[in-house]
Structures are given as structure tokens and as C-alpha cells.
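>>> make a model of this:
(chains A and B)
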Amino acid sequence: MTTTTDNDLPEIEQSRQSGTQIIRRGLALSPAIKQGLGLTIVLAVLSTVGGSVVPVLIQRTVDAGLGDGGDARLSDVMSFLVIASVLILATGGIAYWMRIRLFKASETGLAQMRVDAFRHVHDLSMLTQNSERRGVLVSRVTSDIDQVSQFLQFTGIQIVVSLGQIVVATIIMAYYSWQLTIVVIVCFLPLAISLKWFAQRLSDAYDIVRRTVGEMIAVIAEPVVGASVVRAYAIEGRTQQRVDDGIKNNLDANVSAQKLVAVTFASSGVAGGLANGAVLAFGVVLGVAGDLSMGTVIAFAFLVGLFVGPVQTATQVLTDAQNAIASWRRVIDLLDTPADVVDPGAAGVSLPPGSLGARFDAVTFAYPGGPAVLKDVDVVLAPRQRIAVVGETGSGKTTFAKLLTRLMDPTSGSVRLGTDPCEAVDISTVAFADLRRHVLMVPQEGFLFDATLRDNLLYGRQDATDERLLGAVADLELDDWFASLPHGLDTQVGQRGESLSAGERQLVALVRSALADPDLIVLDEATSAVDPQTELRATRALDKLLEGRSSVTIAHRLSTAENADRILVFDAGRLVEDGSHAQLVDAGGVYGRLHGSWVAQASLTSRAGEPA
Amino acid sequence: MSADLGDARTDRITRRGFSLLGRGIKEQRFLFWVSVVGSVLFGFMTVADARVLGWATDHVIRPSFERGDVTEGALVAAIALFMAVAILRALGIVARRLIGGIVYYRLVAEYRRRVTRQYLTLPMSWHHRHPTGQLLSNANADVEGAWAVFMPLPMAIGVIAMLVAAIVEMVRADLVLTLVGLVVFPALFVVNVFYQRWLSPKVAHAQSLRGSVSAVAHESFDGALVVKSLGREADETDRFRDVSHELRDANIAVGRIRSIFDPLLEALPNLGILAVIVLGVGRVASGAADPGDVVSVAYLFTVVAFPVRAIGWVLGELPRSVVSWERVEAVLAERGSMPYGSHTLPGAGAVALDVHDVTFRFADADRDVLRHIDLAVQPGQVVAVVGATGSGKSTLTSLLTRLVDPQGGTIAVDGTDIRDLTHDELAAAIAVVPQGTFLFDDSVRANVTLGGDFSDDEVWDALRTVQADGFVASLPRGLDSELGERGTTLSGGQRQRLSLARALVRRPRLLVMDDATSAVDPEVEQRILKALAASTADGDGPTVLVVAYRKATIALADEVVFLDEGAIAARGTHDQLVEGSDDYRNLVNAYDQAREEMS
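Below you'll find the model as predicted:
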């Protein structure tokens, strides 16, 4: 179901290319479709010959004597009958061949485009910057491509075959009688002219349908996802009203669209009837004047029939085409968005082994079109230090961490890495493969994939053996937790790791990081409360993990900051304080205030700690 | 699987399919038959079109050519007939497509309403047993799928009428030519049936693979931070490529079947026309038929061929509709609701809470989540509930607002059993702030008031108490700012604070908070809790029951209840419990232990 696929992503520049440009660009990006497309189109046109042969056959037979009331002999039309049957069977074969070619080519090409787009999304920093956008990015590699695929195989075939049919029928008509051809064209002309208008109306109507579908799905989610809130606040009546309204709006929108479909469908039939009447009138007059044979007049009735079908579906075809081109455009725009954090690849430099330090020189970062969220940061981080980064939401501390792991690049200034910070290399010149081996970002929530525990633990180091894995578990003193899992390494963790608790997911993330064995760990400390026992395990494991490594932790807890070798305090995008816990508490600045509230929060600590 | 089993299954699906059709027809009886009449009109007029051409051949074209003079009266009649047939046919199309479409959309809307009414009526225990995704798809995709067969149905019925009329027309024209029709029409029908039989499972397979592609993309993008920081982009791409290629192959398999059948269905009537001509020439020569008859029968084949496919569409859609219908039916067949009483609570202000001998277990569980809970709370007291994961804390909060009822024991506020309260009274007296926050796709104001009658001042007061006035005021449209998909997105802490304001604005007499500030900055959390505790201490606020982890939260409580494996293990002040219970001490000190070990 299409819902919000046309949501705009501000980071992706929308192209202003026309429909044909989009198709041309799309084909260029999917060479598998383009290859042999010419032959496929020729075959498609040829495949309409079978249908067009019937009117000619009727004309031949009638003029061979059928029309004169009985003098016709089968032998007179026999040769043509044989030719016609061969043509019908041959075009059937051609139609099969054409369709197979089209299916294979378009599916192969689009599968490639789908995979290319998927890979490209992983190279865009917006993926990690804004979680709200993920759903839209998913629709680029799913429903948008599906829409193009449907278009190429259903509507695309229809367009080519319809056009072929109209062209072949027109050629036959013109061969028989240019006068009658003009008559037929004039009968269909008004409809052909109004097609675009109808298509636009229909497309507008479908836009409204799509919008109402999106709104309806959102309100239908309320009694399901918000079931307990609806119950607890006794708002069943209000919720039902919202749902009913959503359903009603969708119903009305669908009926409006259906009215247009029915009218356009019916009007082509009327045009067909008009054309038949006109052909009869003019045909008889011309025939009596000796310009036309009787068979030709009758054949025209059959030829008019070849026009009705394509015209009948043309409005729908145009609308589908518009939608598909819009989808195609969105995928192409995505692919045209340059990857902003570029992997230098083989040309990149390698980092030296061992603990890494870092150096920020006049680093400023702003999101495109937004204000700077990090301003003029100069700092040198020595290796093997535990550094805590603190600050309120929006202070720039997360941006600092993302720049340090090159999830983003600074707007100005430079970030450098090295064992000796003073002789460090610019982070943007380090090959990704090397950078990821040395520098690891551990996100706040341990994200798990729907697989076994083993797969998830080995996510960063797939070649590690079970012994090595269990060794890492033991190093982090997580043996007891591990032993409590009934299926051990083969435990299925479920979607997003839902069969494990939030705390256990954090433990998995820690073991995973230990196996990856980085030299610099950048850690976003978890904020959500987990079970105290698990919390205790996690804290111990983290301590072991950071031992002997350089680490930068975005701290949310007093204890983390207190135990750090050095604390960096961010406020409104600037690095405002820098020092040890004791120094900063004495200074009584931003950190002093933060510390005060932490202490207040843990005010019971001292009381609880006193011996009974 | 044996052939017998397959047949039994097909039989059952056919039977269920026809009963589904019957149900839908009954629901929209009038409009359905209007659309069928339109469709039959369309069918008859399609045949009439061929008849008019035959008549025109014999009465206008042939005489005119033979006499060398236009037979005007007959010509005018023929033109009028062509137009009349075309207009009636168009009317039939409008009735069939528009009215038929309305029937389908109304059925879908009606069953969406019924399904969502079930969601609002069925007890929470039922909700707990069904995954969210499944319920959403029952109300959306499944309802649409169940009635999808109604889109081509009127046309298929009209086509049957059309085929009968076509055969009658052929018999009238010539018996020998009829034989061709009797071969070609059933052949078209049979080919269509096989077409749909072979196509349906392949289409279903491709559809389910589309789901897999989407699942991999979702997971991979959601875990982007992990993928990127561990440098697994290429492996993720391989994973996505595998499932994309599976989908590609499935789509090509669908294409293969369509590539065979579409041209076959096109060629069949054309071959029929050849046969008509071969036989027709002889019949006309022998004087058994008129030339117009041959033309008319040949024309019939060209106009009938395409609509016949509608029968195949119905047969192809039917099994899928049955499968979707069974899922919808399962929801509709569920019975049960939470019964509410008729009492209201006298008085105003904080209430006393009495939990007496309460025992609870989930429907399919083998042990009690809560065992013989006895708990009395004085009006205006703040009680903290502390316990390890799985100790039954959240379940206790669900019982207090009757999201579920206990198997044994009673819960009373100010001496009234909460089961005797009306639903509105219960909601007004007891407010719960759940662990997970749910916000509606609506304005900030509506998310706080939930349609209740509260002034802006009251809303701002509540927002101030939960320290949310600042960020709400800074939103572009203040209280009217839209939240959700097309609106502003809030952080987890901001969402929790709105959820808390929603409870406070109603001035509940008992406030139940289930770890409701976990995502709020500790500093802000402190301010919120202190404001709450202060109002309760003034005699102005509600009785408060709060599930807590953080010590600072526990510190604000008058009494602490320590739950262990579904039973109250200890209660008293924090100091008393620290002194009296090793388990409690270990639990609440876990954070600090961790801290001490690090230093």
C-alpha cells in the first residue's frame, strides 16, 4: 500500500527533469533494461499484426464473393486464410518472446537499481543523522522500485502494444481509404484531445486517495498501538469517531476517483459507436460512388474496434505512467545525491596500530541550511585516556562524537587521528576499512539483527571462532549471564532483539565491540533504565572493555564523569570547560551545576551506603 | 501432499469463497444488483453491436452496393442503432464500474469499521495476545483483500449473460457457425481458469518476497549506526542483493506464465474467426446463412474475447479473498469486553487505595504474576513500587486502571470496588502514565486533553508541572502544533512529559506512574517529581503510586513496596527496607556498587 512514499527529503535535491528525461536517465542507470530494448519494441509492434489481420481477412472474404450472396468459394480465400493463420500463430509466438524479454530485462535492471540504491543509502550520512527519515528511505528501495516494475511490465507493455495496434490499424485504414480514415480519426479526436485533461484530473483524484489512505492508516493505528491509553482514558468514543472519519474520507475519495474512471471508460465506447455509424454512412456513400468495395466498409467496423480498447485504457495508462515516473524520479534523485562522507578507498592512508589520540582544529559543523551545532572546537585528545563528554541535549556533544568517528564530516576545520596527536592524519584520508578497524562507535541502544546471538556477537568480526567469542565473554566477566541463556549462542534474538531485555541488548553490543577490538572507542552511554543486576554487569563489562584503550564517552551519569581522566563540557555548540572532575567542580561552572543536580538525584546514596 | 488433500482444500476454498460472495451481496444488496443489471446491459449491448453490424451488412451495405444507390431509411436506422447501442453500453459500463466500485469500497469501509470497533471493545488481554502488526494488517490489507473479488464480480456476471446472449445470437444466425462458438468460448473459459490457477500462487510468492525485501531494508537502515561503525555496508548489501534477486526471479516466474497465457488468450478468438470464415463461406454458398450472419458472428468473437477474462479474474481472486477473509473473520468472531459498573465516586481530592488479596496470571501462563497482594495507601500518600524485572510491577499498574482484572481479590478506591465504577468515572479518578508513550497524530493540545473539556490555562498548568511548557511554547504553532508523521517530531523525554501532562490535566485522584520518566533528563525528572510531591503534600494533589528504579524517585515516596516474584517481600520507608531486606538493599544499591567498583 502506498502511504507516505512521496514524502520529501530535504537533503535530497529534487530534479526538475521531464518525464522523458527521467525515463532516459532511468534506462541509462539500468543497462540491463536498455540492452535489446529496441528489438523488444519491434517485437511488440509485430505482435499486434495478428489482431490486425482479421479485418483484412474479412475484407478479402467479403470482396471475394461472400458479399454477393453466395458466389464465394473457399478456394478463392484459401491462400489468404493460410497466411492469416500463420500470421496469428507467429505473432502469438512473437508476443511470448517479447514479453519474456521484457520481464527478464526489466526485473534484472530494476533489481540492480534496487541494490545500487540500497548501497547508496548506507553511504548517506542522513541515514544515521535522522531516524525519522528511515521509513522514507526504505520506501525508495521497496515500493518505489515495485511501482516502476509494475509499470514496465503492465502499463509499459500496454502502451507499446496499444500504440503498435493503433499504428498498424491506421496504416491498414489509410491503405483502404484515406477518406474513411479521416472520418474515424475525427470521431476519436475529441477524446484524444481531452485525454490529458482527464489524466490530470484522475491523477489529482488519486493523490487525494493516497493522502486519505495515509491519514486513515494513522488513525486506525490508535486503537491498536495506543490500546491501553484509549482504555485508561476512556476515549473509545472519540477514537472510534476519528477512525470512522478517516474511513469515510477514504471511501469518499475512492468513489470520486472511480467516477472519473467510469466516465473515461464509457466515453471511448460512445466514440466507437459514433465511429461505426459514421463509417457506415460515409462508407456506403463512397462505395456507391465506386470508390470503395463492400468488404472494405465492413472491415472498417473491425478496424474501429482496434481503436476502442487502447483509447478506453489510455487515461488509466497515463495516470499509472505519471505515478511510475514520479517513483522513478525519486529513486534517481536518491542515486544522484552525492555520498557526503566519501571513502578514500585504496588511495587512503592507514592508521598505525595501538591506542589512538585525536585532534580537532577549528571544527565547526552545521546541517545543510541550518545553524552551526558545533562551533570552533579546538582540542587534543591524548591516547589511552578515558574522556567523558557532558552537556545538555543540543549542546553538540553527540555531533562531536559523530565527527570523531567520521559518521559526518565537519563543515570547516579538521579532525585528525594518530598515536601522536601532533603528527596525526586527517580522518577523511583514512580508508574506511582501516578506520572501522581502529575506531568504533558504540550506540546508546544495542541494535540487534533478527538472527542468532552468535551472528549478532560476531557482527563486527565474522571470522572469530566460538572459542575466541567465549573468551571475549569471559574477559568482560559475562559468563554468568551467558550461562543463564537456555540456548546459548544459538538463542534467536527476534526482531530488533526483542526476545532479549534492553539491558541484555546492551551486553551484546559490548561483547560485539570487544570482538571488534578497536583502538579508540566512542561510546554513547545508555540512558534508559535497565534492571539493576544487568546494569551492574554492563558497568563491569564496559570497564573491562575500555581498559587499555582510548575512549570517549558521552556521559549521562555522574559516576561515568567522575571516573574519567578528563571531562569535556559542551554548551550551545561550544567546548566551554575542559579538565578533571575535581578541577571542574571547583571551578563551579556549567559542570558544577550539572554535577549538583546529579548529586541531588542520588541524594539517597550516602544514606543507603551507611552501615546499618 | 497428496492430490486428494489438495482437492479437499480447493473444495473448501470454493465453498467458503461462494459463501463470502453471498455475504457481500447481502450487505450491499441493492447497489450490487444495480451494478449487475448494468453489467448485463453491457453484455447484451456488446452482442447487440455485432447484431447491428450484421443487420447493417444485409440491409444497408449489400443493398446499397447491389443497387448502386444509398438506401437512406435503412442507413439512418443503422446509424441510430449503432449510437443507441453504444450509449446503452456506456451506461452499462458506468453502472458496472462506478456502482460496482462503490459496492467494493463500501464493503471495505464497513468491515474496517467493524474490525476497529472490535479493537476498541475487546479486552486488553486479547490485545496482549495479538501482535500489533497483525492487527494493523487485519484492518487494512486483509479487509481490502477479502472484498477484492467484488471488483471484477459484476463484470464476470455480466460476461456470463453476454456469453449466453452470444450463443443465442449465433444459433439465430447459423447452427454450424454456433459450433465454433461452442468450442471457442469454453476453451477461453478453461484457459482462463488454468491461467489464474497457475498464476495465483506465483503472485502470492512474489508478494511475500516483497515483504522480505522490505524487512531486510528496514532492519538494515534501522541498524545503520551499527552497520557503519563496524564497516559492514558491503555485507549488508550482499544480504539485500540475495533477497532482491529472489524477488526478481519470482517476478520473472510470474512473467513467464503471463507471457504464455496473454498471447494465447489473444490468439484463440482470432483463430475462431478463421474457422467462422472457413465454415461461413460454405454456408453462405449453400444459402444456409446470409453474409451478414457471418460478419456478425465473426465480430462477436472480437468483442467478447476480452471481457471473458473477468471470469478468470474472479476465480483467481477468490482463494486470496478467502484467505484474507478468514483473518478478518477471526477478529470479528471474538467475543468479550471489559464490563464496567454503574457507580460514581463521591467527594473530591486524593483517594484511599485498598488492594486486597489480589492474584493475577496471564491467560496462557503457567504461574501467577502477582500472588496475594495486600496493599493499603492513605489518601495523599506517595508510594513507590520497587522490584526486579518480572516482579509484577507493571502488571500491578495495569490492574489499578482495569486494563486487566485480577483472577482473585479486590481493588477499591475510597471503599468502592473499581469494578463497580463506570468507565468514565474510573478514567476520571485514576490516571495511569504507562512505560511506553503513545502520542496521537494530532495537535499538542489534543494530545493532552484527548478531547476533554479543558481550558488553555489548565493545559499550560499541566505542561508547566511536567517542565514541558518551554519546548511547547517554542514550537512554531504552540499548542496547535501537529505531532506525528507529518508534524513535529519530539524526543523521547519530551514525549514522556506530554504523556505525563495528559494524566495531570485531568486532576486525577489516584496517579499511577509506570517508570514514566525513564527518558527524561535526570535534572528535569527531579523538578517534575518535586512539583508533584509538593502538590500532594499540600493536600492538593492525587494519591501517587510510582514504579521506580532511580533512588531519587524512591526518595520522594512516603512508603516503599518491594515486590519480589509477584509477592510483597517487604514494605516500609526506604531506610527501613535497606536495613531489613538484603534483597532490597542489593537491588537499589546495584548502581552504586557498580560505581564503587570502578573507582
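>>> just the element for the residue of chain B found nearest chain A, please.
Of all residues in chain B, B:A86 sits closest to chain A, at 2.1 Å by CB to the nearest CB. Yep, even glycine has a C-beta here, placed from its N, CA and C like the rest. Counting by DSSP states H and E, the element that carries B:A86 is helix B:72-94.
>>> can I get that helix as PDB, trimmed to CA atoms?
Written as PDB, here are the backbone C-alpha positions of helix B:72-94 (Å, rounded to 0.1, in the frame of the first residue of the first chain):
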ATOM      1  CA  GLU B  72     -31.400   6.100 -46.900                       C
ATOM      2  CA  GLY B  73     -34.100   4.900 -44.500                       C
ATOM      3  CA  ALA B  74     -32.100   1.800 -43.500                       C
ATOM      4  CA  LEU B  75     -28.900   3.800 -43.300                       C
ATOM      5  CA  VAL B  76     -30.400   6.200 -40.800                       C
ATOM      6  CA  ALA B  77     -31.800   3.400 -38.900                       C
ATOM      7  CA  ALA B  78     -28.500   1.600 -38.800                       C
ATOM      8  CA  ILE B  79     -26.600   4.700 -37.600                       C
ATOM      9  CA  ALA B  80     -29.300   5.300 -34.900                       C
ATOM     10  CA  LEU B  81     -28.900   1.700 -33.800                       C
ATOM     11  CA  PHE B  82     -25.100   1.900 -33.600                       C
ATOM     12  CA  MET B  83     -25.400   5.100 -31.500                       C
ATOM     13  CA  ALA B  84     -28.200   3.700 -29.300                       C
ATOM     14  CA  VAL B  85     -26.300   0.500 -28.600                       C
ATOM     15  CA  ALA B  86     -23.100   2.500 -27.900                       C
ATOM     16  CA  ILE B  87     -24.900   4.800 -25.400                       C
ATOM     17  CA  LEU B  88     -26.700   2.000 -23.600                       C
ATOM     18  CA  ARG B  89     -23.400   0.100 -23.500                       C
ATOM     19  CA  ALA B  90     -21.700   3.200 -22.000                       C
ATOM     20  CA  LEU B  91     -24.500   3.400 -19.400                       C
ATOM     21  CA  GLY B  92     -23.900  -0.200 -18.600                       C
ATOM     22  CA  ILE B  93     -20.200   0.400 -18.200                       C
ATOM     23  CA  VAL B  94     -20.800   3.400 -15.900                       C
END
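>>> from B:T302, how far out is the residue lying closest to the residue of chain B closest to chain A once chain neighbours are set aside?
In space, B:A86 comes closest to A:G273 once its chain neighbours are excluded; the distance is 2.1 Å by CB to CB, 6 or more residues apart in numbering or on different chains. Distance, A:G273 to B:T302, by CB to CB, to the nearest Å: 15 Å.
>>> of these two, which one has the most company?
Between A:G273 and B:T302, counted using other CB atoms under 10 Å in any protein chain shown, A:G273 has the larger neighbour count: 26 against 21.
>>> from the middle of its chain, how far away would the helix or strand containing A:V552 be?
For A:V552, the host element (DSSP H and E) is strand A:550-554. Computed by CA atoms, centre = their mean, to the nearest Å, the separation of strand A:550-554 from the middle of its chain amounts to 34 Å.
>>> OK, contacts around A:L453?
Neighbouring residues of A:L453 by CB atoms under 8 Å, 6 or more residues apart in numbering or on different chains: A:485, A:487-493, A:508.
>>> over to B:G280?
By CB under 8 Å, 6+ apart, the residues touching B:G280 are A:61, A:66, B:174, B:177, B:289, B:293-294, B:297-298.
>>> what's the answer for B:L81, then?
Contacts for B:L81 (CB under 8 Å, 6+ apart) come out as B:52, B:55-56.
>>> same for chain A: which of those are within range?
Among the contacts of B:L81, the residues that sit close to chain A (CB under 8 Å from any CB of the partner chain) are B:A56.
>>> which among the contacts of B:L81 end up buried?
When neighbours are counted using 16 or more other CB atoms under 10 Å in any protein chain shown, the contacts of B:L81 contain these buried positions: B:52, B:55-56.
>>> among those residues, pick out the one closest to B:S443, please.
B:V52 (62.1 Å; CB to CB).
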